[in-house]
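**Q** Next come a sequence and a model predicted from it.
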Amino acid sequence: MNASKYRKVELIGVPGSGKSHLFRSLMSKHKRSPQNIAFVSHNARFIAIPKCRMLSREFRPLDSIYRWFRGNVNTIPINNLEFNDERCDLMNFFIDICLQGKHETDVLSRTLRIFLQSLNIDQAVENVPEGEATFLIDEGLLQRGHSLYRLTGDMNDCRNYYRNISLPDLIVYCTCDPAFVKSRLMKREPSLQNNLPSLEQRIEMSNTAISIGLDIFRERQAEVLHIDTNAPIEESIASLEFRLAT
């Protein structure tokens, strides 16, 4: 793949829609034939290294992300997180909303931890010099909008979140047949097989949040590529590669 005009490309879709499968498949292809494309996911690690090997330094996991939330819900060790003002504002917004809800500590911990990981990825990508790579991001800040909505159930919170995040150069919206989504989620979390109403509610809330996001992305004139992951994976990869090359 030649140099792309896109610097940051991010996947979005309901859980089970095939985002990560597309991500891993493209990553596997380009690891065999390294190109100027970098793959990062919510675990805050640099996965595939393109020409510029210095990039890996920007993606060191931050211990504070993994160790916080050990009893005191109001104490968050962020002294090592070097976010710019815009991201600090977004972090405070997200945390304030989460803490207003009444949820189990482990639910809040998981939601906020993944959000901070996604925020770290977003900051790290910005720290890399222009022109070094195209970043394909799985489970980034866009995807955290549906996590927030599932936590609060407030559409206005979701809208405000999507209006305040920085958008990537290209949004890749993955869709899939609802039956496949259910099947993938039940395979991933077998306990859902005994709680279908909860599974259906989860999918419905995720769809609602992402629909809200897509409306706002259009308002903000974001570029969106729609990929139907029901198609063979080779076709999905070809569609994404074609857009990146144009």
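**A** Thanks, I have the structure now.
**Q** Would you map the strands across this structure?
**A** 8-12, 37-40, 46-48, 134-137, 170-175, 224-228 (DSSP state E).
**Q** helices or strands up against the first one?
**A** Meaning strand 8-12. Strand 8-12 sits against helix 19-32, strand 134-137, strand 170-175, with contacts defined as 3 or more CB pairs under 8 Å, 6 or more residues apart in numbering; DSSP states H and E. Any C-beta I mention is one placed from the backbone N, CA and C, and that applies to glycine too.
**Q** Who is Ile37 paired with across the strands?
**A** Legend: beta-bridge partners of Ile37 under DSSP bridges are Thr134.
**Q** Isn't it up against Ile137?
**A** No - judged on CB atoms under 8 Å, Ile37 makes no contact with Ile137 at a distance of 11.3 Å.
**Q** Go through the strands of the chain and find the least confident stretch.
**A** Within the strands of the chain, confidence is poorest for strand 46-48, with a mean of 40 (mean pLDDT).
**Q** excluding its backbone neighbours, what's nearest Phe93?
**A** Take Phe93 and drop its neighbours on the chain: the residue closest to it by CB to CB, 6 or more residues apart in numbering is Asn164, 6.4 Å away.
**Q** Where do the helices of this structure begin and end?
**A** 19-32, 63-67, 85-100, 105-127, 144-152, 155-164, 178-188, 196-219, 233-245 (DSSP state H).
**Q** Of those helices, give the one that comes closest to Val172.
**A** Across the helices of the chain, the minimum distance to Val172, taken as CB to CB, is reached by helix 233-245, at 6.3 Å.
**Q** still on that earlier bit, hey, least reliable of the helices of the chain by pLDDT?
**A** helix 63-67 (a mean of 36).
**Q** on that earlier part again, need the strands of the chain in a markdown table (columns: distance to Asn160 and mean neighbour count).
**A** Shown next, in a markdown table, are the strands of the chain (distance: least, CB to CB, whole Å; neighbours: other CB atoms under 10 Å):
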| stretch | distance to Asn160 | mean neighbour count |
| --- | --- | --- |
| strand 8-12 | 17 | 25 |
| strand 37-40 | 26 | 25 |
| strand 46-48 | 31 | 18 |
| strand 134-137 | 22 | 25 |
| strand 170-175 | 18 | 22 |
| strand 224-228 | 20 | 16 |
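**Q** what would the ones you listed look like in a markdown table with distance to Ser25?
**A** Below are the strands of the chain laid out as a markdown table (distance: least, CB to CB, whole Å):
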| stretch | distance to Ser25 |
| --- | --- |
| strand 8-12 | 12 |
| strand 37-40 | 11 |
| strand 46-48 | 13 |
| strand 134-137 | 11 |
| strand 170-175 | 12 |
| strand 224-228 | 12 |
